[in-house]
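# sequence and predicted structure, then a few things I'm wondering about:
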Amino acid sequence: MQDKKPIITTRNLVKKFNNKVVLRGIDADIYENEKVAVIGPSGSGKSTFLRCLNLLEIPTAGKISFGDEIIFESDYYAQKDKLSALKAQKRSYKSGESDAEVQSLLSELTELSSNKKALKKELKALKTHARLLRQTSAREGAKKDADETAEKIVAVKNSLAELCLKISSEKAQVKQRKQTVRSSLDQSVVADLDAKISAQRAVTAKSAATHRKFIRNLEKNIDAHRRTTGMVFQHFNLFNNLTVIDNITLAPVKAGLIQTKKLRRTLKRAAKAGDENAKTQLVNLPHKLEIVENARKQAYALLDRVGLKDKADVYPSTLSGGQKQRIAIVRALAMNPDVMLFDEPTSALDPEMVGEVLQVIKQLADEGMTMVIVTHEMGFAREVATRVLFIDEGEIKEDAPPAELFGNPKNERLKEFLSKVL
Ligand SMILES: Nc1ncnc2c1ncn2[C@@H]1O[C@H](COP(=O)(O)OP(=O)(O)OP(=O)(O)O)[C@@H](O)[C@H]1O
Ligand SMILES: [Mg+2]
């Protein structure tokens, strides 16, 4: 594998949704002809990883390359975090909060507050108990219980009052200590932090500019990038208002038209400048009908391969789940991708249809298609995959050939996972 170049590379790939980190720095290389199975618990980030590879999700940080081309690279969020940390440090220093004595007073205060909370809870429970006793005064021993409860209530109230006093005195101490600290701040520490902040601000701004540039570029070229990868989803995602053949040819026709338009523009410019070769090429550019016809021809050939040629003109709603998924695979293949990405392609299917879909995927694998497949079908992963990645909590915890990963798992979480699914 070492002498080959990876088709897709990710380095330290991070994806956050709001503040939730879903991918925590994924390093992966997908080489030509590899069949990589991705397994892991629900919610571990498998789909998000696949969606980042297909750019359905824009990563938060890290690097993605397709071959030699860097598609995305950014450390913007890390730099931003560094800047925030420095600012917080300065704030804390200037307010006196970073002073050791203030810190210790504050942690005492936290403890006192939690004691207060516990006492309040106890008081509430005692009061409820007392109320219940008043309602059931006939019970034997109720009087004694009521007296004891009343006593307890008084005791807890006293403790609470004492605690409140202590808290306000501690608060006053904190305030006073902070004032003392603030009046004798070491200005050289502040200046040093200011210098660090200003340097970090420049680094962050530069990183933000690079980040924006990558996102702009990504958005501009996203269709071209996505063509590298064909994606198949759990729930097929076919367009129900289009016939099977239209579902399959929609993207290739669009791509063909865009490509021809671009080429025409370039050739026209060259022809205008007197390039005879460009003039000939311009005349021979395919017309729209030709593009459509070629896409349809290819679609029929692909449909034939998955045994569904007779379904070309029907609507998806008339198909079984297994048939729909085979169509979805054909649709992805119609873009001639370098890599196929499958996200649990069989988990929405009735059991009797799983086989026909796995069969198609296996056939593709045998023909040498590079693929990454998120799957719960461990038997299939073991049989077809050349490598298995175990993802857990947004990290690749184990990466090994199937015989090794299933036969001799090393990671504890993987062992636990396999004991549940095998
Ligand atoms: N668009 C989104 N917005 C917010 N959170 C999301 C989004 N997509 C995914 N997540 C969260 O990210 C985490 C990982 O989700 P992901 O779908 O990648 O898991 P998974 O490993 O594919 O799980 P499963 O096996 O159930 O399909 C989950 O906690 C999910 O709720
Ligand atoms: Mg998923």
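Great, that's in hand. Ligands and ions are numbered 1, 2, ... in the order given.

# would you mark the buried spots in the helix or strand encompassing residue 266?
Assigned by DSSP states H and E, residue 266 belongs to helix 244-272. Neighbour-count burial for helix 244-272, counted by 16 or more other C-beta atoms under 10 Å, picks out 244-249, 251-253, 255-256, 260, 267, 270-271. Quick note: C-beta positions are derived from backbone N, CA and C, even for glycine.

# who does it touch, helix- and strand-wise?
helix 187-227, helix 276-283, helix 288-305, helix 321-333 (3 or more C-beta pairs under 8 Å, 6 or more residues apart in numbering; DSSP states H and E).

# shaky segments in this protein?
For the chain, the stretches flagged by pLDDT under 70 are 1-3, 137-139.

# let's go with 50 and repeat that
The chain contains residues with pLDDT under 50 at 1.

# can you show me the helices along it?
Counting by DSSP state H, the chain has helices at residues 46-53, 76-95, 100-135, 142-183, 187-227, 244-272, 276-283, 288-305, 321-333, 351-366, 378-384, 402-407, 412-421.

# I'd say residue 87 and residue 197 touch.
Yes: look at residue 87 against residue 197 with C-beta atoms under 8 Å: they come within range, at 6.2 Å.

# how about the residues of this structure by ligand 1?
By C-beta under 6 Å from any ligand atom, the residues of the chain that approach ligand 1 are 17, 22, 40, 42-48.

# repeat that for 5 Å
Contact residues, the chain versus ligand 1 (C-beta under 5 Å from any ligand atom): 17, 22, 42-48.

# can you say which two of the residues you listed are spatially most distant?
The largest separation in the residues of the chain next to ligand 1, counting by C-beta to C-beta, is between 17 and 42 at 15.9 Å.

# so between the two, which is more surrounded?
Shown here are residue 17 and residue 42; by other C-beta atoms under 10 Å, residue 17 has more neighbours (10 against 7).

# list the contacts of residue 291.
With contacts defined as C-beta atoms under 8 Å, 6 or more residues apart in numbering, residue 291 is in contact with 253, 256-257, 260.

# need the residue closest to the centroid of this protein.
By C-alpha atoms, centre = their mean, the chain has its centre lying nearest to residue 48, at 3.8 Å.

# that one touches residue 23, doesn't it?
Yes: the pair residue 48 / residue 23 is scored as a contact, 5.8 Å apart, by C-beta under 8 Å.

# overlap in contacts, the two.
residue 15.

# isn't residue 33 up against residue 371?
No: Residue 33 is beyond contact range of residue 371, at 9.4 Å (criterion: C-beta under 8 Å).

# which one of those two is surrounded by more residues?
Higher neighbour count among residue 33 and residue 371: residue 371, with 24 against 13, using other C-beta under 10 Å.

# and that one, how far from residue 8?
11 Å (C-beta to C-beta, to the nearest Å).

# joint contacts of the two?
Counting by C-beta under 8 Å, 6+ apart, the residues touching both residue 371 and residue 8 are residue 339.

# now residue 252. Nearest residue, chain neighbours left out?
residue 295 (4.3 Å; C-beta to C-beta, 6 or more residues apart in numbering).

# quick one: contacts for the one you found?
Per C-beta under 8 Å, 6+ apart, neighbours of residue 295: 248-249, 252-253, 256, 334.

# one more time with 6 Å
249, 252-253 (C-beta atoms under 6 Å, 6 or more residues apart in numbering).

# sorry, back to before: for ligand 1, state which of the contacts of residue 291 is nearest.
residue 253 (29.8 Å; C-beta to the nearest ligand atom).

# gap between the closest one and residue 46?
32 Å.

# looking at the stretch 201-350 of the chain, which residue is nearest ligand 1?
Taking C-beta to the nearest ligand atom, the stretch 201-350 of the chain has residue 344 as its residue nearest ligand 1, at 6.4 Å.

# tell me how many other residues crowd that residue.
20.

# and it, how close does it get to residue 116?
50 Å.

# before we move on, what about residue 172?
Distance, residue 172 to residue 116, by C-beta to C-beta: 17 Å.

# more neighbours: which of those two?
Per other C-beta under 10 Å, whichever of residue 172 and residue 116 has more neighbours is residue 116, with 16 against 10.

# the residue nearest to that one when sequence neighbours are not counted and ligand 1: what is the separation?
Closest residue to residue 116 apart from its sequence neighbours, by C-beta to C-beta, 6+ apart: residue 163 at 5.3 Å. Distance of residue 163 to ligand 1, given as C-beta to the nearest ligand atom, to the nearest Å: 40 Å.
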